[in-house]
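Novice: next come a sequence and a model predicted from it.
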Amino acid sequence: MLSVRQLSIDIEGKPIVRNSSFSVPLGKITSIIGESGSGKSMTVSALLGILPPGAKATGQALFYDKNLLTVSDKEMMEIRRTHLFTIFQDAANSFNPSVKMRHQLFEFSGRKSGDTNEEFRLKMEGILDDLGLAPEIMEQYPFELSGGMLQRCMIACALYMKPGLLIADEPTSALDMVLQKEFIGLLKRLNEQHGTTILLITHDLDIVAEVAHDMVVMRHGEVIETGSVTEVFDCPKHPYTKLLLDSRF
Amino acid sequence: MKSRKALTFWCTILGIIVVMTIFAGFLSSYEPNDMNLDEVYTSPGESHLLGTDHLGRDVFSRLLEGGKVTLTVASISVLVSLVIGVLYGGISGYVGGIVDTVMMRFLEALITIPSLIIILAFQAFMQGGMWSMALIIGVTGWLVTARIVRSEFIRLKDAEFVKMAIMFGTPMWRIIFGHMLRNSIPAIFVVTLFNFAGAIFIEVSLSFLGIGVPPAIPSWGNMLYYAQNDILIGAWWIGVFPGIMIFITILAINFIGEALKDPERRRLDA
């Protein structure tokens, strides 16, 4: 579904990511794992076309035969609107603190699919209920909800939109262990029930072992190993992957 | 909880002052400019609540009418400075880069000049009335607002929810108004309140120096100006009451601003 070939990212001449190639197969959960500063988040930014100013991406990232790195802003907007959904690290900061949840959830979901307010309300309430969230949260402000609830609201939007590809950039790092587990379960459900392809960025090997089908290991801006999770876990080829696996509890 | 009580108290005080000046016409039994040379320098008492001045004008009526003028000048100037400040700071913070640098250096250059001097210079050749004075105070008073708006915009520009909004293709004006300006409101509100107190103070000082509101229009400042001579002959009431009003008003505004600035009351602490 998404295949990245020879992706390189420079920020003002300084290479951040070099010649990375990997692919995200349809209907699977693919995980990019690597330590902080290994270029995972930059790779995602490049795919989404939100690189910081001064950064330049070269190579190819084919998404439904469109190169995400070279499409026009307008096309990118269209792809992001219809096919992609992104969950960022810290859900608490992903919502505007001074706007009620109802408007924000609508902004992230209903508006994109062109639903009316009423359609949105009915559908969203069903989804929220399904996720164990009371419909009252629609009338609350983000700071009145916990981090876990907000992250679930993000998932609710993803469930509403049923995007082709869900990109989750370290979605669990701001959550405690119990919430992490719950959240991972939700991702799994999204994948199994709706067949959503998920690109999961994380530095937590346990999460990878738990949900991912395929994995990509990054280090110092390079992809050093790719393969299915069972394969890589059973016989890691690269010394760094071995080290990574050994460092698990 | 203590700060909440203080806030209510000072809001009430300010509210009373504002309401009294707005309904000046109903509350006073004399026209503010009615002279009665038979009753000059009457001390506060039955017929004239706060006494009369050197032309026999009722001090209470003039106090309310003067309050109206002073507060109007201050409000208009604050509105003007708010608009300029938000625009200037917003552009500077949102665009960033070289534009920001140039705009901020220019602003810093302006900040080094005491605004009272600029206002004095303007007043000297404009010889303006109430409106032009409000305008001048506003045009010189936006610097702090601009700085605050700029810093808020810079902080919010990097906020995750703004990035999210950009990701989701939210139109730029919606991001600016719905996300950035909306979340800057607490800070803008507080700085505007302090600006308001400052504007009252400037109006009063200018009128006291005799170059503010024209003599025909009563204001707290020029009441004080004319009271200078009266105090010497023992008519203390002409100067004391406007002084008290100025004191209480500025005090109330400052305390309200202080209470709102209290971090516990701010829900936005990113």
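Specialist: Right, received. Where do you want to start?
Novice: what residues does chain A have near chain B?
Specialist: Proximity of chain A to chain B is confined to A:48, A:50, A:77, A:80-81, A:86, A:88-90, A:93-99, A:107-108, A:112, A:141, A:143 under the rule CB under 8 Å from any CB of the partner chain. From N, CA and C alone the C-beta is placed, and that goes for glycine too.
Novice: restricted to helices, list these.
Specialist: In helices, judged by DSSP state H, the following of these are found: A:48, A:77, A:80-81, A:93-94, A:107-108, A:112.
Novice: need the buried ones from these selected in ChimeraX.
Specialist: Entered in ChimeraX, the line below selects the buried ones among those, by 16 or more other CB atoms under 10 Å in any protein chain shown:
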select /A:48,80,81,93,94,107,108,112
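Novice: let me have the ones in helices among the residues of chain A next to chain B in TSV, adding pLDDT and distance to B:T70 as columns.
Specialist: Output for these, formatted as TSV (pLDDT from 0 to 100; distance: CB to CB, whole Å):
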residue	pLDDT	distance to B:T70
A:L48	83	55
A:M77	81	52
A:R80	81	54
A:R81	77	54
A:N93	80	44
A:S94	84	47
A:E107	83	44
A:F108	82	48
A:K112	73	52
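Novice: please report the distance of B:L181 from B:E152.
Specialist: 9 Å (CB to CB, to the nearest Å).
Novice: ok, for the residue in chain A positioned nearest to chain B, nearest residue in space, not its chain neighbours?
Specialist: Residue nearest to chain B within chain A: A:N93 (3.8 Å; CB to the nearest CB). In space, and not counting its chain neighbours, A:N93 is closest to B:E160: 3.8 Å by CB to CB, 6 or more residues apart in numbering or on different chains.
Novice: and if you look at A:T116?
Specialist: A:T116 sits nearest to A:G110 (CB to CB, 6+ apart), 7.9 Å away.
Novice: go on, B:L79?
Specialist: The nearest residue in space to B:L79 (CB to CB, 6+ apart) is B:G138, at 7.0 Å.
Novice: please apply the same query to A:L245.
Specialist: A:P236 (5.7 Å).
Novice: report pLDDT for A:Y160.
Specialist: On pLDDT, A:Y160 comes in at 86.
Novice: need the residues that contact the lengthiest helix in chain A.
Specialist: The residue-count maximum for a helix in chain A (DSSP H) belongs to helix A:177-194. Contacting residues not belonging to helix A:177-194 are listed as A:27-29, A:131, A:147-148, A:151-152, A:155, A:158-159, A:162, A:166, A:168, A:171-172, A:175, A:196-198, A:200, A:204, A:207, A:210-211 [CB atoms under 8 Å, 6 or more residues apart in numbering or on different chains].
Novice: could you do stretch B:164-177 as well?
Specialist: Residues contacting stretch B:164-177 (CB under 8 Å, 6+ apart): A:48, A:50, A:77, A:80-81, A:86, A:88, A:94-96, A:107-108, A:112, B:90, B:94, B:162, B:178-179.
Novice: burial count for B:D34?
Specialist: By other CB atoms under 10 Å in any protein chain shown, 13 other residues sit near B:D34.
Novice: torsion angles phi and psi at it?
Specialist: With angles defined as degrees, to the nearest 10, B:D34 sits at phi -70, psi 120.
Novice: quick one: residues contacting the nearest residue to it once chain neighbours are set aside.
Specialist: Residue nearest to B:D34 in three dimensions, not counting chain neighbours: B:R57, with 6.4 Å by CB to CB, 6+ apart. For B:R57, the contacting residues are B:30, B:32-36, by CB under 8 Å, 6+ apart.
Novice: in ChimeraX, how would I select the buried members of those residues?
Specialist: Applying 16+ other CB under 10 Å to the contacts of B:R57 leaves a buried subset, and the ChimeraX line that selects it is:
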select /B:30,32
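Novice: where does chain B get nearest to chain A, residue-wise?
Specialist: B:E160 (3.8 Å).
Novice: does that residue touch A:I87 like I think?
Specialist: No. With contacts counted by CB atoms under 8 Å, B:E160 stays clear of A:I87, the gap being 10.9 Å.
Novice: so which of the contacts of B:R57 comes closest to B:L193?
Specialist: Closest approach to B:L193 among those (CB to CB): B:P32, at 28.1 Å.
Novice: find the nearest non-adjacent residue to that closest one, please.
Specialist: Nearest to B:P32 is B:E65, by CB to CB, 6+ apart, at 3.9 Å.
Novice: for the helix or strand harbouring that neighbour, name the packing helices and strands.
Specialist: Here B:E65, judged by DSSP states H and E, is contained in helix B:59-95. Contact here means 3 or more CB pairs under 8 Å, 6 or more residues apart in numbering or on different chains; DSSP states H and E; on that basis helix B:59-95 packs against helix B:2-22, helix B:24-27, helix B:97-112, helix B:130-140, helix B:143-157, helix B:182-208, helix B:220-232, helix B:237-261.
Novice: mean pLDDT lowest where, among those?
Specialist: Among the helices and strands packed on helix B:59-95, helix B:24-27 scores lowest, with a mean of 83.
Novice: pull the helix or strand with minimum mean pLDDT from chain A.
Specialist: Least confident helix or strand, chain A: helix A:110-113 with a mean of 76, by mean pLDDT, DSSP states H and E.
Novice: ok, residues contacting it?
Specialist: So helix A:110-113 is contacted by A:81-82, A:116-117, A:119-120, A:123-124, A:160-161, B:168 (CB under 8 Å, 6+ apart).
Novice: from these, which single one is nearest B:M20?
Specialist: A:N117 (45.4 Å).
Novice: that closest one touches A:S109, doesn't it?
Specialist: No. The criterion here is CB under 8 Å, and A:N117 misses it with A:S109 at 12.0 Å.
Novice: more neighbours: which of these two?
Specialist: Using other CB under 10 Å as the criterion, A:N117 and A:S109 rank with A:S109 on top: 23 against 12.
Novice: can you list the domains in chain A?
Specialist: Chain A breaks down into these domains under automatic domain parsing: A:2-83+A:164-246, A:95-162.
Novice: could I get these as TSV with distance to B:N222?
Specialist: As requested, the domains of chain A are arranged in TSV below (distance: least, CB to CB, whole Å):
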stretch	distance to B:N222
domain A:2-83+A:164-246	54
domain A:95-162	42
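Novice: those domains: which one's closest to B:A121?
Specialist: domain A:95-162 (41.0 Å).
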